[in-house]
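Trainee: Next one to model:
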Amino acid sequence: MEPFVEHTGKIAVLNQDNVDTDRIIPARFLSRISRLGYGELLFKDVRGESFPLDQPEAQGASILIVGVNFGSGSSREHAVWAIQQAGFKAIIARKTPDESGYSDIFRQNAANCGLLLIELPEADYRQLVQAGSGAGAHIDLPVQTVRLGDKTFNFDISDASKQAILRGLDLIGTTLLLEDEITAYESRSTAFVPPRA
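Mentor: Residues are numbered from 1 along each chain as shown. Predicted coordinates:
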């Protein structure tokens, strides 16, 4: 995976709550053999002239702005792949005291695929929405900030997710950081392990 440290890009505002994974990538596309080609299928069933991501100012955007509970519904890494292959490097969601920005399963899939998820409180989020699609923003993951013009918004992220995204590591890559310790443990373990064929 590609490490994410800092990114400057245009925002695309999809100010909608409870967008589920079937809307992000319809289920009929999940049986494809390749992991490639999902970008053009992003929001396939709702695209058109009135759809926010099809507006001229949203073209070329690399930071997606969404409402609360984004990625709800069934688990599918395909939703993350479609977002990434459509050119988005990060998603910024709105959080409230009662609702998180993302569903738990989508959050884990995004972390494992290297897609940065950011949650901002209502007041900060509204400033991004008001700036509108096409506005420029800068994300600095090491210091955990989003900058919009002269405004800077701070965000929280788990240290495990932050370190994995900064290094471009999925779950297997993160595990392999501990390869020496795993090998040492296995060499002294007395548990029965069937011989390899």
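
Trainee: for the protein, which spans come out with low pLDDT?
Mentor: Applying pLDDT under 70 to the predicted model, the residue ranges of the chain that meet it are 171, 173-178, 197.

Trainee: Show me where it has its helices.
Mentor: With DSSP state H as the definition, the chain shows helices at residue ranges 21-24, 77-85, 104-113, 122-131, 159-167, 171-176, 179-188.

Trainee: Out of the ones you listed, indicate the one that is most buried.
Mentor: Stretch with highest mean neighbour count among these: helix 77-85 (a mean of 23; mean count of other C-beta atoms under 10 Å). (Each C-beta comes from the backbone N, C-alpha and C, glycine too.)

Trainee: could you check the angle helix 104-113 makes with it?
Mentor: Orientation of helix 77-85 against helix 104-113 (axes from the mean of the first three to the mean of the last three C-alpha atoms, to 10 degrees) gives an angle of 50 degrees.

Trainee: Who are the packing partners of helix 77-85?
Mentor: helix 21-24, helix 104-113 (3 or more C-beta pairs under 8 Å, 6 or more residues apart in numbering; DSSP states H and E).

Trainee: Format the CA atom coordinates belonging to that helix as PDB.
Mentor: Once side chains and other backbone atoms are set aside, the C-alpha atoms of helix 77-85 remain, and they are given as PDB (Å, rounded to 0.1, in the frame of the first residue of the first chain):
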ATOM      1  CA  GLU A  77     -13.700  -4.200   0.900                       C
ATOM      2  CA  HIS A  78     -15.000  -3.400  -2.600                       C
ATOM      3  CA  ALA A  79     -16.500  -0.200  -1.300                       C
ATOM      4  CA  VAL A  80     -13.100   1.000  -0.100                       C
ATOM      5  CA  TRP A  81     -11.500  -0.200  -3.400                       C
ATOM      6  CA  ALA A  82     -14.100   1.800  -5.400                       C
ATOM      7  CA  ILE A  83     -13.500   5.000  -3.400                       C
ATOM      8  CA  GLN A  84      -9.700   4.700  -3.700                       C
ATOM      9  CA  GLN A  85      -9.800   3.700  -7.400                       C
END
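
Trainee: who's in contact with that helix?
Mentor: When contacts are defined by C-beta atoms under 8 Å, 6 or more residues apart in numbering, helix 77-85 is touched by residues 21, 24-25, 29-30, 35-39, 41-42, 64, 71, 91, 106, 109-110, 112-115.
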